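*Asks:* Sequence first, predicted model second:
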Amino acid sequence: MKDVYVITGGTGGMGKAIAQLVGPKGTVLLADVNEERLQITKDELIEKGINDVHVQTVDITDTENVKALAKKTKSLGTLKAIVNTAGLSPTMGSSKKMTEVNLVGTAIILDEFLKIAGPDTVAVCISSMSGHMVPRQGAYVDVLKKPLDPNVVEAMEQFAQGNSGAAYSMSKLGVLMLVEDQAWEWGQRGARIVSVSPGSINTPMGRQEASQQAQMKMLLEQTPLQREGESMEIAAVVAFLLSDDASYVTGTDIRVDGGTVANVAKMQAANQS
């Protein structure tokens, strides 16, 4: 049976780049909320020589949608990877929507795909450098650890207070903790689970954030490499994590942020001393 690489948010910059790299290794199943964009992306990949491409319209916050995606995966072959790039950035929705898509959606994906994971399956969740900038203390941490609780969106709203940026950062911290918390469960199936935290990336979503958020410009100025990252730089790390070369990497996060988090932490420590 063929290895199946499932990529949610498959029409975004990162999703497409990942599909290009893993496409020659097996079957690609792209999932996204927009059917038209999925067909366009499929055609683009076929033009680039990635011929075994399937698509499915999926809302990752809808459990039945995700179950259908898992069922489609099984019909195509053996699950090699579930790469969850689907998510919203702060200018794309309300604070509640940030929690619902980035945190709850990720939890639903992991919950359903764990059921069909086997030896050598890898789950990769796209988090964000923003998740590393939220303290791991506070009552919100306990809420983030229960992402499938029916009241989690309302509970997180007590901390986000309508601020989509704050909700985004906390939801991405939640993704980091999910990966850590679930390493044992995935390991019991011989599978691995990791997260990747991009910094400022030159994608349509990244450019939208940069144009509307002064904070993004400030963070870019504090990035040691003094530039944005590219989609392929994220895709290359994901491809490594999916490979046998990363066979002992699980339950952890890889920051691909040009050094931003490290430098911001250094500057904060200097200001406090």
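*Replies:* Alright, I've got the coordinates. Numbering: from 1, shown residues only.
*Asks:* Neighbours of residue 49, how many?
*Replies:* 9 (other Cβ atoms under 10 Å). For the C-beta atoms, the positions are set from N, CA and C on the backbone; glycine is no exception.
*Asks:* my bad, should have said residue 17
*Replies:* The number of residues packed near residue 17 is 23, by other Cβ under 10 Å.
*Asks:* In the protein, where is pLDDT below threshold?
*Replies:* Within the chain, the stretches with pLDDT under 70 are 203-214.
*Asks:* residue closest to the middle of it?
*Replies:* Nearest to the mean C-alpha position of the chain, by Cα atoms, centre = their mean, lies residue 126 at 2.1 Å.
*Asks:* so what's it closest to, chain neighbours aside?
*Replies:* Leaving out its chain neighbours, the residue that sits closest to residue 126 by Cβ to Cβ, 6 or more residues apart in numbering is residue 85, at 4.7 Å.
*Asks:* same question, residue 42
*Replies:* Distance criterion Cβ to Cβ, 6+ apart; nearest residue to residue 42, sequence neighbours excluded, is residue 53 at 4.9 Å.
*Asks:* can you pull the contacts of that neighbour?
*Replies:* Residues counted as contacts of residue 53 (Cβ atoms under 8 Å, 6 or more residues apart in numbering) are 19, 23, 27, 28, 29, 30, 42, 45, 46.
*Asks:* Dump these into TSV; add secondary structure and neighbour count as well.
*Replies:* TSV is the format used below for those (DSSP: H, G, I helix; E, B strand; the rest coil; neighbours: other Cβ atoms under 10 Å):
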residue	secondary structure	neighbour count
19	helix	26
23	helix	20
27	strand	21
28	strand	26
29	strand	26
30	strand	27
42	helix	19
45	helix	21
46	helix	13
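*Asks:* just to revisit the earlier point, thought residue 195 was touching the residue nearest to the centre of the chain, still the case?
*Replies:* Yes. Residue 126 is within contact range of residue 195, at 7.2 Å (criterion: Cβ atoms under 8 Å).
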